[in-house]
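Asks: output the structure for:
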Amino acid sequence: MRYLTGLVLAILLMGVVSVQGQEALQIVIAERGDGIYSLLRKNGVNPYELYDDFVALNRDNLRDSVHLYEGLAYKLPNAEDKTEDASIIKTTTKPVAGVTYPIFGKDHELIEIKSDRLEGTVYYLISGHGGPDPGAMTTYVSKSISEDEYAYDVTLRLARELLSHGAKVYVIIRDPDDGIRDDRILEMDKDEVTYPNDRIPLNQVARLKQRVDAVNKLYKKHKGQHQRLIVTHVDSRTKGQNIDVFFYHHEKSRSGKKLAESIHKTFQKKYKKYQPNRTYTGTFEDRSSLYMVKNTYPAMAYIEIGNIRNKKDQRRILDADNRQALAKWISEGVILDYEE
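Replies: From the prediction side, this is the model:
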């Protein structure tokens, strides 16, 4: 823990501090377990709009440019002072009243419409495994954790981001009661279904075919629109193997390659900005042999977000703020792909 100086404590007693001639900014103390998103949320600041502004204000007091130090003071950004270049995603239309989607859970079901940048687009989101198949598994503080729960949480967060920019989104693997969860340990269950409400079969090939059929049927329904598929998985390798987020596409799909490349470019840019002392090694490449890649109609990107058994990768997967950052960065790559 870092200790606050007398000067900082004096500032805290006043509650505000003047920064570079701007209006006074509120100062808050990071508590145990706080991440950037949770700190902003509990202090009434919209984390989806002002995350990058917070990082810019507090860059010198962040570990790896993304994590808070317990006990340290942080400045909260003002929505009125949002800089024009603070985020890749900029509002192009005046925000309107939010829309409610119960699938995201009570704390996240209301979505503020930020822009219409993805208006007219259709996205199919599939989180890996689910139902009788938990996917990759390991233990964390003596609790079992599984791939399907974390892939699903990132997928829901991504769906929320895309909806906020006007896209039509189908969440193909759905859980009736989980919603977006901010816990580190996401409790395992087997009640996921395939869109619209089909029980997930035990047989692996049958499971994959069920998902492919659901997407391809919807693809025909939306023929003529800009349609893309994003599949999210968590890898399982040896405990010592730390991996970056990486992407697959079909070798013969120019649009799929462009989608994967756009998301990959976004991750490279983010790592360079927030972790300048670390080289990003994630790649995008052909993996046409995968059943989902080979048999679905829409151009697609297949994403592996980390190794569930590696301690460093677990920070990326278990921390709710990191899962939110993953979703936001993927969504920015999606927008880049569409607008280019």
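Asks: residue 100 contacts residue 112, correct?
Replies: No. Judged on C-beta atoms under 8 Å, residue 100 makes no contact with residue 112 at a distance of 11.1 Å. Where you see a C-beta, it was placed from the backbone N, CA and C, and this is true even at glycine.
Asks: between these two, which is the more surrounded one?
Replies: residue 112 (14 against 8; other C-beta atoms under 10 Å).
Asks: show me what counts as buried in stretch 120-140.
Replies: 121-131, 133-136, 138 (16 or more other C-beta atoms under 10 Å).
Asks: take those and keep only those in strands.
Replies: By the criterion of DSSP state E, membership of those in strands covers 121-127, 138.
Asks: and the least confident of the residues you listed?
Replies: Across the set of these, residue 138 stands lowest in pLDDT, at 95.
Asks: okay, now the unreliable bits of the stretch 1-150 of the chain?
Replies: 1-23, 64-65, 80-97 (pLDDT under 70).
Asks: that one: helices as residue ranges?
Replies: Listed in chain order, the helices of the stretch 1-150 of the chain (DSSP state H, counting those that start in this stretch) span residues 6-14, 36-42, 47-58, 147-163.
Asks: now, of these, which is deepest in the fold?
Replies: The highest mean neighbour count among the helices of the stretch 1-150 of the chain, using mean count of other C-beta atoms under 10 Å, belongs to helix 147-163: a mean of 25.
Asks: give me the angle between it and helix 47-58.
Replies: 90 degrees (axes from the mean of the first three to the mean of the last three C-alpha atoms, to 10 degrees).
Asks: please name every helix or strand in contact with helix 147-163.
Replies: strand 121-127, strand 168-171, strand 226-235, strand 299-307, helix 320-339 (3 or more C-beta pairs under 8 Å, 6 or more residues apart in numbering; DSSP states H and E).
Asks: circling back to that earlier point, for residue 154, state which of the ones in strands among the buried residues of stretch 120-140 is nearest.
Replies: Checking those against residue 154 by C-beta to C-beta gives residue 127 as the nearest, at 7.4 Å.
Asks: quick check: bridge partners of the closest one?
Replies: residue 232 (DSSP bridges).
Asks: gap between the residue nearest to residue 101 when sequence neighbours are not counted and residue 102?
Replies: Distance criterion C-beta to C-beta, 6 or more residues apart in numbering; nearest residue to residue 101, sequence neighbours excluded, is residue 109 at 5.6 Å. Separation of residue 109 from residue 102 (C-beta to C-beta, to the nearest Å) stands at 5 Å.
Asks: just put the helices of the stretch 1-150 of the chain in CSV and tack on distance to residue 239.
Replies: Converted to CSV, these look like this (distance: least, C-beta to C-beta, whole Å):
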stretch, distance to residue 239
helix 6-14, 40
helix 36-42, 28
helix 47-58, 31
helix 147-163, 15
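Asks: and residue 284, what does it touch?
Replies: Taking C-beta atoms under 8 Å, 6 or more residues apart in numbering, we find residue 284 in contact with 246-249, 257, 260-261, 263-264, 301.
Asks: give the contact list for residue 140.
Replies: Residue 140 neighbours (C-beta under 8 Å, 6+ apart): 184-185, 314, 318.
Asks: between the residues you listed, which is nearest residue 70?
Replies: The closest of the contacts of residue 140, once distances to residue 70 are taken by C-beta to C-beta, is residue 184, at 15.4 Å.
Asks: and that closest one, that one's in a helix?
Replies: No. Counting by DSSP: H, G, I helix; E, B strand; the rest coil, residue 184 is not part of a helix but coil.
Asks: which non-adjacent residue is nearest residue 287?
Replies: residue 248 (3.6 Å).
Asks: make sure the one you found is indeed in a strand.
Replies: Yes. Using three-state DSSP, the assignment for residue 248 is a strand.
Asks: and it, how many neighbours?
Replies: The number of residues packed near residue 248 is 24, by other C-beta under 10 Å.
Asks: swap in the one 5 residues further on?
Replies: Per other C-beta under 10 Å, the neighbour tally for residue 253 reads 18.
Asks: residue 237 now?
Replies: 16.
Asks: residue contacts, it?
Replies: 243, 307, 309-310 are the contacts of residue 237 under C-beta under 8 Å, 6+ apart.
Asks: need those in JSON lines with secondary structure, can you?
Replies: Listed next are the contacts of residue 237 as JSON lines, based on three-state DSSP:
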{"residue": "243", "secondary structure": "coil"}
{"residue": "307", "secondary structure": "strand"}
{"residue": "309", "secondary structure": "coil"}
{"residue": "310", "secondary structure": "coil"}
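Asks: which residues of the stretch 151-300 of the chain fall in helices?
Replies: Taking DSSP H, counting those that start in this stretch as the criterion, the stretch 151-300 of the chain contains helices spanning 204-221, 254-274, 291-295.
Asks: please identify the most buried of the ones you listed.
Replies: helix 254-274 (a mean of 19).
Asks: return the residues in contact with residue 338.
Replies: Here residue 338 is in contact with 117-118, 121, 226 (C-beta under 8 Å, 6+ apart).
Asks: quick check, nearest of those to residue 142?
Replies: Out of those, the member with the shortest distance to residue 142 (by C-beta to C-beta) is residue 118, at 42.2 Å.
Asks: which residue packs closest to the closest one, ignoring adjacent ones?
Replies: residue 167 (3.8 Å).
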